[in-house]
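K.L.:
Pasting the sequence and the predicted model now:
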Amino acid sequence: MHSDIKTNIATFLGRAALALALAAGCGLASAQNTGQDVASTPPAAAGQASRIEWWREARFGMFIHWGLYSIPGRGEWVQWNEQIPNNEYARLAGQFNPKGFNPDTWAELAKAAGMKYTVLTARHHDGFALFDDGANPYTSVNAAAHRDFVADYVKSVRKSGLGVGLYYSPMDWRFPGYIFPDLQRESAEAMRAQYHRQMEQLLSNYGKIDVLWFDGGETDWLNFGGEWKGAAWSKRPDGQHYTGSFSWQHDKVHTMLRRLQPEVVINGRADMDEDFRSREGEGALGDFDNQHPWELCTTLAGAWGYQAGKLPQPLDHYIRLLVNVVGRDGNLLLNVGPRPDGQIDPPQAERLREIGAWLAKYGQSIYATRGGPFLPGAYGASTHRDRTIYVHVLKWPGDRLVLPAIPAKVLRAQILGGGKAGFIQTAGGIELSVPPAARDKIDTIVALELDVPASGIKPVKALTTRN
Ligand code: GLC
């Protein structure tokens, strides 16, 4: 993301050297490793805590990037990257008409993948809305498709029993006011009016929305990080923020969304009190954090919006990723970019079904669990629910895995999927062993049954190995 924007601003204004300002402006959630018990959640967060419960238990969702950009098939940033004039890009709306498309296929695939919620780009940065927005001509309702895709999507996903999520970008490249919020004030205000209006439509017209996923709504994203003031077009100094007088008035949207959809959970990319934090890309996996609900979003096949010929990684890659995310107490939102006709490339769909087959077998160690108490390390990660700790051994250090001591008695150690694991518990820790023939190639999951609930055990580090 950062490098995309960097390259593009340089193209747009013929100037580079914005890297630091952009890094400061992109507002990715910072992960914290507090290692404390969840029981210490402050009372002010109580509403959030109950709203987010189902989402936390869900653990795995599908992100869907789909829009006009799916037609050229060079990613959702294609208009900006290639500096395609608005009127030229808008012609794609005349071609965006996937007649036979039925979003039941998305919902069915998400379910088969073991996902529990989906998030569709109702409107990305190009400004083209997949929903009814009255007289606004730039929507799928008023263009070739004459179809409210958000309505169709919500219906299918709701029917399938999955959580319904919408992605929405307040920013819109078509408005010069986004780049020059102070100089082009009227344009910036028109963009803001569109944002507030469209939020109201999305939150009023489609029944219950479970997740609202903002992107590009941070104030520091305005004008892409530059302070375009004075004779010198200088970059925004490191650590400084947008200081102009334009405001998104996010507080009004926040009040409205809580009034219209009190239960909707929102991420933190629009300077609002968030229910969960977003980490983006596998490089942002970060630390264990059981204090703030968080979600890692990343791509299944290296692209958000459709790009032809992108192949997924082998199955084990996603299992390890999922285990590493859930073991850090986060959710995973895995993205697909369907083709313009709404179909998901078969190799990607196949991989999703394989992930689902794995989850059908081992899902009890993922869904409705919390991360820990054994912190992630070279061996893998752990999750827990009730009196069981699931130790996900992704890499055996040798004959046995030595886990640190915990204030609980291990009553039994079973291999998930069948068989007993050996364990020796002493004051110094727990030694686990599974004969090589009984180990799983991807993830050997050892369920430790305790005499007390695992939620009372503080996260513990310090793994040592012994051969
Ligand atoms: C990055 C991309 C954006 C995408 C988002 C999803 O910010 O630039 O296009 O929608 O990731 O998190």
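P.N.:
Arrived safely, thanks for sending.
K.L.:
From now on I want contacts and neighbour counts done on CA atoms only, so please keep to that.
P.N.:
OK.
K.L.:
Tell me the gap between stretch 420-431 and the middle of its chain.
P.N.:
In terms of Cα atoms, centre = their mean, to the nearest Å, the centre of stretch 420-431 is set 37 Å apart from its chain centre.
K.L.:
Likewise for stretch 83-97?
P.N.:
Relative to the centre of its chain, stretch 83-97 is centred 28 Å away, using Cα atoms, centre = their mean.
K.L.:
how much space between Asn290 and the ligand?
P.N.:
Using Cα to the nearest ligand atom, to the nearest Å, we find Asn290 at a distance of 21 Å from the ligand.
K.L.:
Can you read off the pLDDT for that residue?
P.N.:
Note for Asn290: predicted pLDDT of 97.
K.L.:
again, but for Asp271
P.N.:
On pLDDT, Asp271 comes in at 93.
K.L.:
show me what contacts it?
P.N.:
Contacts for Asp271 (Cα atoms under 8 Å, 6 or more residues apart in numbering) come out as 217-219, 250.
K.L.:
ok, now Val325?
P.N.:
Contacts of Val325 by Cα under 8 Å, 6+ apart are 285, 296, 331-332.
K.L.:
same thing but at 7 Å, please
P.N.:
Shown in contact with Val325 (Cα atoms under 7 Å, 6 or more residues apart in numbering): 285, 331-332.
K.L.:
now do Gly371
P.N.:
Residues near Gly371 by Cα under 7 Å, 6+ apart: 326-329, 382-384.
K.L.:
Closest to the ligand out of the contacts of Val325?
P.N.:
When the contacts of Val325 are ranked by distance to the ligand (Cα to the nearest ligand atom), Leu332 comes first, at 11.8 Å.
K.L.:
Need the residues that contact the helix or strand containing that closest one.
P.N.:
Using DSSP states H and E, Leu332 maps to strand 331-336. With Cα under 7 Å, 6+ apart as the contact definition, strand 331-336 has outside contacts at 56, 59-65, 294-300, 304, 322, 325.
K.L.:
ok, so of the contacts of Val325, who is nearest Gly47?
P.N.:
Asn331 (19.6 Å; Cα to Cα).
K.L.:
ok, that closest one to Ala303 distance?
P.N.:
Relative to Ala303, Asn331 is positioned 19 Å away (criterion: Cα to Cα, to the nearest Å).
K.L.:
who's more crowded, these two?
P.N.:
Comparing Asn331 with Ala303 by other Cα atoms under 10 Å, the one with more neighbours is Asn331, at 29 against 20.
K.L.:
beta partners of the more buried one?
P.N.:
Glu295 (DSSP bridges).
K.L.:
Tell me how far it lies from Lys229.
P.N.:
Distance from Asn331 to Lys229, by Cα to Cα: 41 Å.
K.L.:
ok, now Trp221?
P.N.:
Between Trp221 and Lys229 the distance is 16 Å, computed by Cα to Cα.
K.L.:
More neighbours: which of those two?
P.N.:
Trp221 (24 against 13).
K.L.:
which residues in the stretch 351-467 of the chain form strands?
P.N.:
370-371, 380-385, 388-393, 400-404, 410-415, 422-426, 429-433, 444-450, 464-466 (DSSP state E, counting those that start in this stretch).
K.L.:
Spell out which parts of the stretch 251-400 of the chain neighbour the ligand.
P.N.:
Taking Cα under 6 Å from any ligand atom as the measure of proximity, the stretch 251-400 of the chain contacts the ligand at Glu280.
K.L.:
thinking Leu68 is in contact with Phe96, fair?
P.N.:
Yes: Leu68 lies in contact with Phe96 (Cα atoms under 7 Å); the separation is 6.4 Å.
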